[in-house]
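In: sharing a model that was predicted from the sequence below.
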Amino acid sequence: MTRGKKIAINTGGGDAPGLNAVIEAVVMASSKLGWEVYGIKNGYGGLLNTNEIVRLTPETVRGISSLGGTILGTTNKGNPFQMSITNLAGETEIRDVSDKVVENFKLLGFDCLIAVGGDGSLKIAYDFYKKGIPVVGVPKTIDNDLGGTVITFGFDTAVSIATEAIDRLHSTARSHDRVMVVEVMGRHAGWIALNSGLSGGADVILIPEIPFDIEKVCKHIMENELHGRHYGIVVVGEGTTPIGGVEMARGKGEAGRQELVLGGIGEYVAKEISKRTGKDTRSLVLGHLQRGGSPTTFDRLVSLRFGAAAVRMIEEQNFGIMVALDPPEVKGVPLEEVIGKIRKVPLDSDSLRTARDIGICLGD
Ligand code: F6P
């Protein structure tokens, strides 16, 4: 009798609503095939410290689809190919510990790895695939900026939370005749800003794909004033820049992190509007509220479909791929085709046209 497969699953990068639904689907679908699933805690950390591997059974995962976060923990500073390690002298050095991960993966008898992550985590997964680990990737990120799939899970929840926040700002902004500037996440792509700004009835939406002219933004606000609308809502994606400017960042973040922590553009835009129009202006940063809590129905469904599809890919021995939504199907696309290809909002997209058609200022 052939033994059933032994699957490892990890979650990497920033968390996103739907991670637990992927885990639940992977475990339930694998269990039907008589396979075992093990969760690697904290990205690849669990494979460097074997105490951090947990057996996942239908009993332990049933019902977790509705929970936010990830029961496995995650990290965005745990790249085994460039691990930040503090030596005995207290100095931090960057080491490649990927061989150790591969060795432990084999020692533990795993047949394959399901890596659930965004661009950075999938790049690491692809590098492990090139080192001989059979890998299936699952696209996760609230930013919706991965190529090869029409949507990533987590995005719909983030947009819903941002839209609800914008809805709430209308009444307070109107009461005070104020301009409220909301900075939303999304890194170098404007998907969250555009979709929540449109749904939430923003007056101005600023996205990284369209560097803005602050004069045009202020002109739009003052024109509204002339037409009797004395308040305004401005939604700005965190990676947005003024024309000729650069992305604003809060710093590099913690040691071992590869990317800048973006932020500050909302505050900048609010100050400029206040200075140039004399309007009472406030800014707020929605931040991690966009990643917290229960996934929407849409995200749960996509996540469950991605998880089940990942198991089907393993059954078909289809490795080095990422599951992707290509409506109405979920299919596999080669990881090498999606890695490093950030998917931005196309300038001719229907949503951008809609924004212009209904009189929203895009800062250009
Ligand atoms: O990639 C997801 C994301 O939430 C981005 O939108 C944001 O820039 C970043 O992660 C924040 O990272 P952290 O959780 O490390 O602050």
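Out: Yep, it's here.

In: would you map the helices across this structure?
Out: Here the chain has its helices, by DSSP state H, at 19-32, 45-48, 58-61, 98-107, 119-130, 155-176, 191-199, 214-226, 265-277, 297-315, 335-338, 350-357.

In: any idea which of the ones you listed is most buried?
Out: For the helices of the chain, the largest average neighbour count (mean count of other Cβ atoms under 10 Å) is found in helix 191-199, namely a mean of 26. (Glycine included, C-beta is placed from N, CA and C.)

In: do that helix and the ligand come into contact?
Out: No - using Cβ under 6 Å from any ligand atom, helix 191-199 stays clear of the ligand, coming no nearer than 7.5 Å.

In: which helices and strands sit right next to that helix?
Out: Judged by 3 or more Cβ pairs under 8 Å, 6 or more residues apart in numbering; DSSP states H and E, helix 191-199 is in contact with helix 155-176, strand 179-184, strand 204-206, strand 232-237, helix 350-357.

In: tabulate these (CSV), appending distance to residue 67 and mean pLDDT.
Out: Compiled in CSV, the helices and strands packed on helix 191-199 are given as follows (distance: least, Cβ to Cβ, whole Å; pLDDT from 0 to 100):
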stretch, distance to residue 67, mean pLDDT
helix 155-176, 12, 98
strand 179-184, 23, 98
strand 204-206, 31, 98
strand 232-237, 28, 98
helix 350-357, 30, 98
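
In: got the ones you listed as TSV, with distance to the ligand columns?
Out: Formatted as TSV, the helices and strands packed on helix 191-199 follow (distance: least, Cβ to the nearest ligand atom, whole Å):
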stretch	distance to the ligand
helix 155-176	8
strand 179-184	8
strand 204-206	16
strand 232-237	9
helix 350-357	19
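
In: would you turn these into TSV with distance to residue 81?
Out: What follows is these, written out as TSV (distance: least, Cβ to Cβ, whole Å):
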stretch	distance to residue 81
helix 155-176	27
strand 179-184	31
strand 204-206	35
strand 232-237	29
helix 350-357	37
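
In: ranking the helices of the chain by mean pLDDT, which is last?
Out: If you rank the helices of the chain by mean pLDDT, helix 45-48 sits at the bottom with a mean of 89.

In: for that helix, which outside residues touch it?
Out: 8, 10, 39-40, 52-53, 73, 75, 78, 80, 97, 100-101, 104-105, 108 (Cβ atoms under 8 Å, 6 or more residues apart in numbering).

In: coming back round to it: redo the helices of the chain as JSON lines? Include distance to residue 86.
Out: Formatted as JSON lines, those follow (distance: least, Cβ to Cβ, whole Å):
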{"stretch": "helix 19-32", "distance to residue 86": "29"}
{"stretch": "helix 45-48", "distance to residue 86": "14"}
{"stretch": "helix 58-61", "distance to residue 86": "34"}
{"stretch": "helix 98-107", "distance to residue 86": "17"}
{"stretch": "helix 119-130", "distance to residue 86": "21"}
{"stretch": "helix 155-176", "distance to residue 86": "34"}
{"stretch": "helix 191-199", "distance to residue 86": "35"}
{"stretch": "helix 214-226", "distance to residue 86": "44"}
{"stretch": "helix 265-277", "distance to residue 86": "33"}
{"stretch": "helix 297-315", "distance to residue 86": "35"}
{"stretch": "helix 335-338", "distance to residue 86": "32"}
{"stretch": "helix 350-357", "distance to residue 86": "46"}
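
In: okay but residue 9 is in contact with residue 41, surely?
Out: No - assessed by Cβ atoms under 8 Å, residue 9 is found out of contact with residue 41, at 10.7 Å.

In: in the stretch 201-350 of the chain, what residue lies closest to the ligand?
Out: Nearest to the ligand, among the residues of the stretch 201-350 of the chain, is residue 262, at 5.0 Å (Cβ to the nearest ligand atom).

In: how many neighbours does the closest residue to that residue other than its chain neighbours have?
Out: Nearest non-adjacent residue to residue 262, counting by Cβ to Cβ, 6 or more residues apart in numbering: residue 238, 4.4 Å away. Using other Cβ atoms under 10 Å, residue 238 has 28 neighbouring residues.
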